[in-house]
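K.L.:
Next one to model:
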Amino acid sequence: MAGSYIRENNVEMKTMMRTENGPACADMAGVACPMETPQKSYKRRRGLTVIWAVLTLFIALSVVGVKALHAEDAPPEEPKPVESKYLDEEKEHWKGGPAFFESIEGVERIPAPSVVELTKKGKGIPPQGTIEFPELTSDPANPNKDMINKDAWNVPYARFSYFGLSNRDIVWIMGQIHILFASFILGVPFFIIIAEIMGMKSRDERYERLAKETTKIVVMCYSLTALTGGFFLLALVTFYPSFMTWLFRGFKNLVSFWYPFLFIIETVFLYCYYYMWEPLEKMNKKWVHILLGILLNAAGISLLILINAPASFMLTPPTVEGSVQGIGGFGEWAWINNFTWWPLNLHRLIGNFTYGGFIVAFIGAFMYLMSKTDKELAYYDWQGYLGNAIGLGFMLPLPAAGYIYARELYQYDASIGMYIMSDRLSMFMLVQAVLIGFLFVGSNYYIWISTKRIEGALKYLQGMKYTYFLMFICASIWFAPRHFFATMLLEPGMVPAAMTKDAYLLSTELPGTLAFVALMKAKNTAATVLIILTFFNYVLYRFAVKKGTIVYGKIDPVSQYVLIFLAFSSTWLMGLMGAVRELARKNYHVYRVFKDMTPDAYTPTLQHASLIVTSVTLIFFAILCFIIWMQLKLPKSASAWTKK
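P.N.:
Numbers count the residues shown, from 1 in each chain. Model (predicted):
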């Protein structure tokens, strides 16, 4: 059948070629050509098909190449927006469910059901913070979706590689060094502008010199503030990328505009204040320079208030009827104006001014110990006294600001206050109480030594003696704990085998006759008496100055070490209390909202925290001492060497 079919087709083909086109194999000259066989015809058609395909491919590649060459000239194609089930991009709020932002890299976060939805279904209100995150896969068998097992971790965990430090440790160190320099450039300029105004009114050249010399150090520290802040941000973005993306999207206007804008404004005011000092003096426009100083302080305080918003938000995020569900839809202002924003602003502002006064006193003490002439000794003795007076003056209302902040924490969530005062962080607070007691006693001891250099002040010294006895008693009451172990609840292994729990508790607490000492009424009374006694001693000192003659430069050198101790202790205390505030969030980046699923999500021991805080404080003072030496001591040594 196949052979007959081919033959029939050949006959039909020949007939068609003769009838339609004349002789099939005749050329134009009438020369006959041999008849083409079917095999040759098939090969010819196949060759033409291959040639056509190659030409088509070549043309297509040429077109693609031309487009590629001119791709930069053509406007980029805008990607088509992918509609989200939950997020309305135009209105920037969620269509339903908890209003958390969508994740990075186009992965849509599936939020937990809203409170309203669960209530309608009769399931009740879910645990706070039950939100899944894109980098984690929740355990289907786990009803609490925010508790993710380590086995469900999908993102490779980047670890810091040096010095045996964890990710939290390096972020902790860089953040605390940055905050110390930031507090320096905020608190010290406030002191500088006060000194300049007092110098203009009193015509005392010492105030003008104090302001100029301190500004030299501030300008140097300002650059280090920016550098350490950059390292801090890089560490955060590197080791906590998902959380920082989420946080920055929530504070988008603060991060993208207001903070950099105010930082640039502060920079402009600082350098104008520094470099226009002498030109404005020569032009007899001192008031313009003072105005620049006031604007510099206003910009710095505005930056502090602004950056306190994310810091306070992480511990006390806004709620609606006690729930954080839907927090992403509350709006940026709700995130900023959270429950403890203004109490934290008040506490940190007063704390920074206290810190600035003690640091200026430290500069005076450092230079006093390195000075040789009577004139220099007298000047830096006076600077140390003035810095301590301002630091002590702002320290008096600082406990009240701390109480206001603590009260707001208890109002927001009493478990936070309990965790700080009676649980894992209770020993941190005990160390804080000891340091505050030392600060009050040390400041008063400096007043005592300063009074001794005043001629005719012996009778005032007699009155101060009795206050120190009361101060030690008050300080002891202030830091006396109820129990002598770090946690409120007994843990496995704490109770000896031969004792019951009740017997062990009785052995670790204060005796019944002294139990009242651990109550807050007794502690508040002791703190109040400490403040009153300090104010009383300062008043006695001022009376001694008016009645007698003060001789600067003749003070006992021990006083300068007291000033160094006060500066170091206040700096160390700032680091410790900053750690307490951050650790109060427990294993959350944002309390009850964003879980910390890293291996570092635990409360460190007091030993570990103390080592970190001490290391940071030593690094800060080593850098500060070098800056003081380079900006103040080295030029004077070079000038003296040139004269010789």
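K.L.:
And the pLDDT at residue 459?
P.N.:
On pLDDT, residue 459 comes in at 83.
K.L.:
do the same with residue 41
P.N.:
Looking at residue 41, the pLDDT reads 54.
K.L.:
got it, and residue 430?
P.N.:
So, for residue 430, pLDDT stands at 87.
K.L.:
For the strand or helix carrying it, list every residue counted as buried.
P.N.:
Assessed by DSSP states H and E, residue 430 sits inside helix 426-452. Using 16 or more other C-beta atoms under 10 Å as the test for burial, helix 426-452 gives 426-448, 450-452. In short, each C-beta sits where N, CA and C put it, glycine included.
K.L.:
And the next helix or strand past it?
P.N.:
Helix 426-452 is succeeded, C-terminally, by strand 454-455 (DSSP H and E).
K.L.:
So in that sheet, which strands flank that next one, and in what orientation?
P.N.:
strand 549-550 (antiparallel) (DSSP bridges).
K.L.:
from what I can see residue 177 touches residue 620, true?
P.N.:
Yes: counting by C-beta atoms under 8 Å, residue 620 is a contact partner of residue 177 at 6.1 Å.
K.L.:
circling back to that earlier point, tell me which other helices or strands the helix holding residue 430 touches.
P.N.:
helix 374-395, helix 414-421, helix 458-478, helix 520-547, helix 558-583, helix 606-628 (3 or more C-beta pairs under 8 Å, 6 or more residues apart in numbering; DSSP states H and E).
K.L.:
The fifth one - what's its average pLDDT?
P.N.:
Mean per-residue pLDDT for helix 558-583: 95.
K.L.:
so which of the helices and strands packed on helix 426-452 gets nearest residue 223?
P.N.:
Among those, the nearest to residue 223 by C-beta to C-beta is helix 606-628 (10.2 Å).
K.L.:
How is this protein divided into domains?
P.N.:
Listed by automatic domain parsing, the domain ranges of the chain are 86-156, 167-317+330-453+551-643.
K.L.:
Would you reformat those as CSV and include distance to residue 460?
P.N.:
Formatted as CSV, the domains of the chain follow (distance: least, C-beta to C-beta, whole Å):
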stretch, distance to residue 460
domain 86-156, 58
domain 167-317+330-453+551-643, 6
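K.L.:
circling back to that earlier point, off-centre distance for the helix holding residue 430?
P.N.:
Taking C-alpha atoms, centre = their mean, to the nearest Å, one finds the center of helix 426-452 at 28 Å from the center of the full chain.
K.L.:
again, but for stretch 194-201
P.N.:
Stretch 194-201 sits 34 Å away from the centroid of its parent chain (C-alpha atoms, centre = their mean).
K.L.:
ditto for stretch 409-417
P.N.:
22 Å.
K.L.:
Flag every buried residue along that stretch.
P.N.:
Residues 409, 412-413, 416-417 are the ones in stretch 409-417 that count as buried (16+ other C-beta under 10 Å).
K.L.:
Which strands and helices lie in contact with the strand or helix carrying residue 348?
P.N.:
Assigned by DSSP H and E, residue 348 belongs to helix 341-370. Helices and strands touching helix 341-370, by 3+ C-beta pairs under 8 Å, 6+ apart, are helix 167-202, helix 205-239, helix 286-315, helix 374-395, helix 398-412, helix 558-583, helix 606-628.
K.L.:
Of these, which is nearest residue 321?
P.N.:
Within these, the stretch nearest residue 321 is helix 398-412; the backing value is 13.7 Å (C-beta to C-beta).
K.L.:
Export only the CA atoms of the closest one, formatted as CSV.
P.N.:
Provided in CSV are the C-alpha atoms of helix 398-412 (Å, rounded to 0.1, in the frame of the first residue of the first chain):
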residue,chain,number,x,y,z
LEU,A,398,16.6,63.0,89.3
PRO,A,399,15.1,60.5,91.8
ALA,A,400,11.7,62.2,91.4
ALA,A,401,11.9,61.9,87.6
GLY,A,402,12.9,58.2,88.0
TYR,A,403,9.9,57.6,90.3
ILE,A,404,7.6,59.2,87.7
TYR,A,405,9.0,57.0,85.0
ALA,A,406,8.7,53.9,87.2
ARG,A,407,5.1,54.8,88.1
GLU,A,408,4.2,55.0,84.4
LEU,A,409,5.7,51.6,83.8
TYR,A,410,3.6,50.1,86.6
GLN,A,411,0.5,51.9,85.1
TYR,A,412,1.2,50.4,81.7
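K.L.:
outside of it, which residues touch it?
P.N.:
315-316, 339-340, 343-344, 346-347, 350-351, 354, 416-417, 420, 436, 524, 527, 531, 584 (C-beta atoms under 8 Å, 6 or more residues apart in numbering).
K.L.:
Quick one: distance of it to the chain centre.
P.N.:
The answer for helix 398-412 is 21 Å, by C-alpha atoms, centre = their mean.
K.L.:
in it, what's buried?
P.N.:
The neighbour-count check on helix 398-412 (16+ other C-beta under 10 Å) flags 398-399, 401-402, 405-406, 408-409, 412 as buried.
K.L.:
and what of stretch 455-473?
P.N.:
Here stretch 455-473 shows 457, 460, 464, 467, 471 as buried, counting by 16+ other C-beta under 10 Å.
K.L.:
okay if I get the residues you listed as TSV plus distance to residue 244?
P.N.:
Formatted as TSV, the buried residues of stretch 455-473 follow (distance: C-beta to C-beta, whole Å):
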residue	distance to residue 244
457	57
460	56
464	52
467	50
471	46
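K.L.:
Quickly name whichever of those is closest to residue 247.
P.N.:
residue 471 (43.8 Å).
K.L.:
Just want to check the distance between that closest one and residue 561.
P.N.:
Applying C-beta to C-beta, to the nearest Å, the value for residue 471 to residue 561 is 19 Å.
K.L.:
Please apply the same query to residue 201.
P.N.:
33 Å.
K.L.:
what about those two, which has more around it?
P.N.:
Between residue 201 and residue 561, counting by other C-beta atoms under 10 Å, residue 561 is the more crowded of the two (12 against 9).
K.L.:
So for that one, what's the nearest residue that isn't a sequence neighbour?
P.N.:
Leaving aside its chain neighbours, residue 561 sits nearest to residue 365 (7.5 Å; criterion: C-beta to C-beta, 6 or more residues apart in numbering).
K.L.:
ok, the one you found - contacts?
P.N.:
Per C-beta under 8 Å, 6+ apart, neighbours of residue 365: 380, 384, 559-561, 563-564, 567.
K.L.:
Serialize the residues you listed to JSON lines and add fields for distance to residue 231.
P.N.:
Below are the contacts of residue 365 laid out as JSON lines (distance: C-beta to C-beta, whole Å):
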{"residue": "380", "distance to residue 231": "33"}
{"residue": "384", "distance to residue 231": "33"}
{"residue": "559", "distance to residue 231": "37"}
{"residue": "560", "distance to residue 231": "33"}
{"residue": "561", "distance to residue 231": "32"}
{"residue": "563", "distance to residue 231": "30"}
{"residue": "564", "distance to residue 231": "27"}
{"residue": "567", "distance to residue 231": "24"}
